[in-house]
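**Q** Pasting the sequence and the predicted coordinates here, then a few questions.
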Amino acid sequence: MKKRYRIAITGTVQGVGFRPFIWRLASELSLSGWVENGVSGVVIEAEAEEQTLEMFVRRIKKEKPVVSRIEGLGCEILEPVNYDGFVIRKSDDLGEKTALVLPDLATCPDCLRDISDPKNRRYRYPFTNCTNCGPRFSLIEGVPYDRPNTSMKDFQMCPHCEREYKDPSDRRFHAEPNACPECGPQLELLDRDGEALSVGDTALSGTEELVRDGKIVAIKGIGGFQLIADARNTETVRRLRKAKGRPGEKPFAVMCQSIEILREYCEVSDIEKALLLSPESPIVLLRKKTCGGENVPCADVAPGSDTLGVMLPYTPLHYLLLADLGFPIVCTSGNISDEPIITDNEEVVDRLGHIADAFLVNNRTIVRHVDDSIARVVLGETMILRRARGYVPLPVSLEGVPSDAPVVAAFGAHLKSAGAVLIGNNVFPTQHIGDLETVKAALALELSIRDILAFRGKKPDIVVCDIHPDYVSTAVAERFAEEFDVPLYRVGHHRAHVLSCMAENGLLGGSALGIAWDGTGFGDDGLSWGGEFFRIRGKELTRIGHLGSFPLIGGDAAAREPKRIASALLYSLFGEDVFQNEEFAPVRALSFAEKKAFPQMLRTGTGLVYSTSMGRLFDAVASLLDVCHSSSYEGHAAIMLEQAIEGIETEEAYAFLISSDPVWSLQWKLLLLQMLCDRERGVPTSIISAKFHNGLANSIVAAARDSGERTVVLSGGCFQNKYLLERTVTLLRKDGREPVFHRRVPTNDGGIAVGQIASIILELNN
């Protein structure tokens, strides 16, 4: 019997070729009706025999486009109205906006073939795309996702492109950025003063010549400008590092033409290869190979590091550049330190003229900045460390949250900043913003949250921020709550860490032991926390343990100079005389003035901040082992300490003394004494570092046993440490526990906003 199905599909179903897929499937099954984009997703009406319609629905779920994601499929059975044929209707922009916006995706193999084929009209055209790839989030201005709602509205399609755009059988059917050399965006090469040198393919070849000659060029990518240079050229890399003010040991990311070339420099597993080749195409942290005792392609790209951040070309422009050059390039964000990546042609000349020798720009407007994502493979799974291009603005869906939940805007932390918005049962994290050290960064955080709200036509019902009174994100959140006249909630930093991990893993409202280890965060008592253990019961997170506190000489200055922390710990063990004993590496690293001032500060308590930070303990141990006395960037000393293990495998571990008054704490003095004894006996640094990491993992297992909890939640920046995380998870599983860690949401402060929202959800549900 003939029926009419009205099918509503939600999820990532716009800008992915979903409507032409439906049209082709309906044509194959001889259905009549229509399909259209709406503000909530895709809507279909189809008429046929009921058995055929049931097959239609099954095949939609099974055969959907690869880059699409169906989150909901509702079907209403109606009386037929006898449609004539099956058509694709114009988009409907009325009603509540709930359709998901797609991230910017790496160029697909079909488009790469187009730009590589001299007979193709898009040969060497750097803005080639189709419904399976190309820019989305960086150029969309509103929903539904149609060309008039993107920055491509500035380009009138030529007859050839328009035919493709209107042909449901073509893979460029309603590919909103569709263009060709005749009608689309064009390249232009500018000199340091912003004067035009060349256009089109000549601009591209001019850029390549400059890079070969050791010059630095700022190129306009999908989500903003990038600074590129020959990764083999030591002098150029050093000049780029100096001009950008990048710390001497902070690694640059490198782009390689192919997996084959990449393997010359790094070890690549099958999982890492799949991640590099994925539509998301993030920067992937890989273990470096060595050549003649030196890291390649150039020691100054990632000095002192055993890993290299590597990506493959993810736009036609990058692909053409790398194919012509034939060697790896440094590819780093085009920005001033602590500011968002630059997107505007005029601003980049003004702001980066002291760094770049030339600028490869184009006339397509970037609506919003989107930096590169960073990921690594841990325990055979992808772990996102920086969530941006390829992942944003897709949501993290939460379980047990009603569809009519209040809209919550969360402003995250201060470092590695990212916000998030709760709409229905979806949390939408913003793109990575960076450290909130500048007005531009603070403005970018606020605008990114407004963006998400605008996409859905929403206003916040609740605003939430960190409890730290001096965070810039707190000040921005306070103004935001005042503007919309809504309640402002404050959530503890380390509770947000744990809750973000629970939310991502569908455990909100459950029971667990939560562990939050990081560099710093404001504690309930106003002190600096960072080595925390929580008993979780629904919405209640009770602090049941922590790392024993220790003094930081000069407060924040200690985070930049691990020798200060190590000196304070040595003082706690041996008294003032330790500052005269240069057998200790941290003491040797102190200046004469510091050796005079620090004992007095420790004796009187002047200029000290007490902390329970595990991240700062890592810093201290790095200094004690003569691995790192001054940190060039956040996490530097801890990274060096992990690398010091050098692949050593040992079951040996240092023991922590556990005190239990009033809550139990890991006392570090016994651990340090064991470590110093080993160092005096000449035990290699690699063994000592491994024993330190193993001792930390053992302490987590001991805490789990003591708490009686089967589920153990691991969050915080310290769990970016691959050795520590893998060791901890392995031991917990052997002990019959269920370790839970981050994959889609950053374990560092980039995930704090998600945890802030999770806290509000628990509060409202109880």
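**A** Yep, that arrived.
**Q** so where does residue 351 fall, helix or strand?
**A** Applying DSSP states H and E as the criterion places residue 351 in helix 345-352.
**Q** now what about that helix, what contacts it?
**A** With contact meaning CB atoms under 8 Å, 6 or more residues apart in numbering, helix 345-352 is reached by 190, 192-194, 218, 220, 225, 227, 334, 336, 342, 356, 359, 361. Heads up, the C-betas are built off the backbone N, CA and C, glycines and all.
**Q** For the next helix or strand after it, buried residues please.
**A** Note on helix 345-352: by DSSP H and E, the next helix or strand toward the C-terminus is strand 358-362. Using 16 or more other CB atoms under 10 Å as the test for burial, strand 358-362 gives 358-362.
**Q** do the same with stretch 289-309
**A** Going by 16+ other CB under 10 Å, stretch 289-309 has these buried residues: 295-298, 300-309.
**Q** if we can go back for a sec, give me the buried entries from the contacts of helix 345-352.
**A** By neighbour count, with 16+ other CB under 10 Å, those hold 190, 218, 220, 225, 227, 334, 336, 342, 356, 359, 361 as buried.
**Q** Can you read off the backbone torsions of the third one?
**A** For residue 220, the backbone dihedrals are phi -90, psi 110 (criterion: degrees, to the nearest 10).
**Q** separation between it and residue 79?
**A** The gap separating residue 220 from residue 79 is 54 Å, by CB to CB, to the nearest Å.
**Q** The fifth one now?
**A** Residue 227 sits 62 Å away from residue 79 when distances are taken as CB to CB.
**Q** residues in contact with residue 400?
**A** Contacts of residue 400 by CB under 8 Å, 6+ apart are 508-509, 765.
**Q** can you redo the residues you listed as CSV with neighbour count, secondary structure and pLDDT?
**A** Converted to CSV, the contacts of residue 400 look like this (neighbours: other CB atoms under 10 Å; DSSP: H, G, I helix; E, B strand; the rest coil; pLDDT from 0 to 100):
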residue, neighbour count, secondary structure, pLDDT
508, 21, coil, 93
509, 17, coil, 92
765, 14, helix, 81
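**Q** Check for me that residue 58 belongs to a strand.
**A** No. Counting by DSSP: H, G, I helix; E, B strand; the rest coil, residue 58 is not part of a strand but helix.
**Q** What count of nearby residues applies to it?
**A** Residues near residue 58, counting by other CB atoms under 10 Å, number 10.
**Q** Pop the domain breakdown of the protein in here.
**A** Listed domain ranges for the chain are 2-88, 187-362, 375-497+749-760, 547-710 (source: automatic domain parsing).
**Q** Quick one: end-to-end length of the second one, please.
**A** From the first residue to the last, domain 187-362 extends over 5 Å; the measure is CA to CA, to the nearest Å.
**Q** Around the nearest residue to residue 748 once chain neighbours are set aside, how many other residues sit close by?
**A** The shortest distance from residue 748 to any non-neighbouring residue, by CB to CB, 6 or more residues apart in numbering, is to residue 717 (4.3 Å). Look at residue 717: counted by other CB under 10 Å, it has 29 neighbours.
**Q** Show me where the stretch 351-500 of the chain dips below the pLDDT cut-off.
**A** For the stretch 351-500 of the chain, no stretch is flagged by pLDDT under 70.
**Q** in it, which spans are strands?
**A** Counting by DSSP state E, counting those that start in this stretch, one finds strands in the stretch 351-500 of the chain at the ranges 358-362, 374-378, 381-386, 396-397, 408-410, 420-423, 426-429, 462-466, 488-491.
**Q** most packed of those strands?
**A** When you average the neighbours per residue for each of the strands of the stretch 351-500 of the chain (mean count of other CB atoms under 10 Å), strand 408-410 leads with a mean of 29.
**Q** wait, what's in contact with residue 749?
**A** Contacts of residue 749 (CB under 8 Å, 6+ apart): 412-417, 518, 717.
**Q** That one and residue 466: what is the separation?
**A** For residue 749, the distance to residue 466 equals 9 Å [CB to CB].
**Q** related to what we said a few turns ago, so which of the contacts of helix 345-352 are in helices?
**A** Using DSSP state H, no member of those falls in helices.
**Q** what's across from the residue nearest the centre of the chain in the sheet?
**A** Nearest to the mean C-alpha position of the chain, by CA atoms, centre = their mean, lies residue 386 at 1.6 Å. Beta-bridge partners for residue 386, by DSSP bridges, are residue 374.
**Q** and it, what does it touch?
**A** Applying CB under 8 Å, 6+ apart, the residues near residue 386 are 283, 371-374, 416, 432, 746, 750.
**Q** hang on, the earlier thing: need phi/psi at the residue nearest to residue 748.
**A** Torsion angles, degrees, to the nearest 10, at residue 717: phi -60, psi -30.
**Q** State the distance from it to residue 447.
**A** To residue 447, residue 717 is 26 Å away according to CB to CB.
**Q** before we move on, back to that, nearest to residue 50, out of the strands of the stretch 351-500 of the chain?
**A** Closest approach to residue 50 among those is made by strand 396-397 (31.4 Å; CB to CB).
**Q** what's the most distant pair in the buried residues of strand 358-362?
**A** 358 and 362 (14.0 Å).
**Q** list residues touching both of these two?
**A** Counting by CB under 8 Å, 6+ apart, nothing touches both residue 358 and residue 362.
**Q** sorry, back to before: dump the buried ones among the contacts of helix 345-352 into TSV; add distance to residue 606 as well.
**A** Putting the buried ones among the contacts of helix 345-352 into TSV (distance: CB to CB, whole Å) gives the following:
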residue	distance to residue 606
190	54
218	47
220	51
225	46
227	43
334	43
336	36
342	43
356	46
359	51
361	53
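**Q** immediately after the least confident helix or strand in the chain by mean pLDDT, which helix or strand?
**A** The least trusted helix or strand in the chain, going by mean pLDDT, DSSP states H and E, turns out to be strand 294-295, with a mean of 52. As assigned by DSSP H and E, the chain's next helix or strand after strand 294-295 is strand 307-311.
**Q** now stretch 641-659: how far from the chain's centre is it?
**A** With CA atoms, centre = their mean, to the nearest Å as the basis, stretch 641-659 stands 28 Å off its chain's centre.
**Q** what distance separates stretch 682-690 from the centre of its chain?
**A** Mean-position distance between stretch 682-690 and its chain equals 33 Å (CA atoms, centre = their mean).
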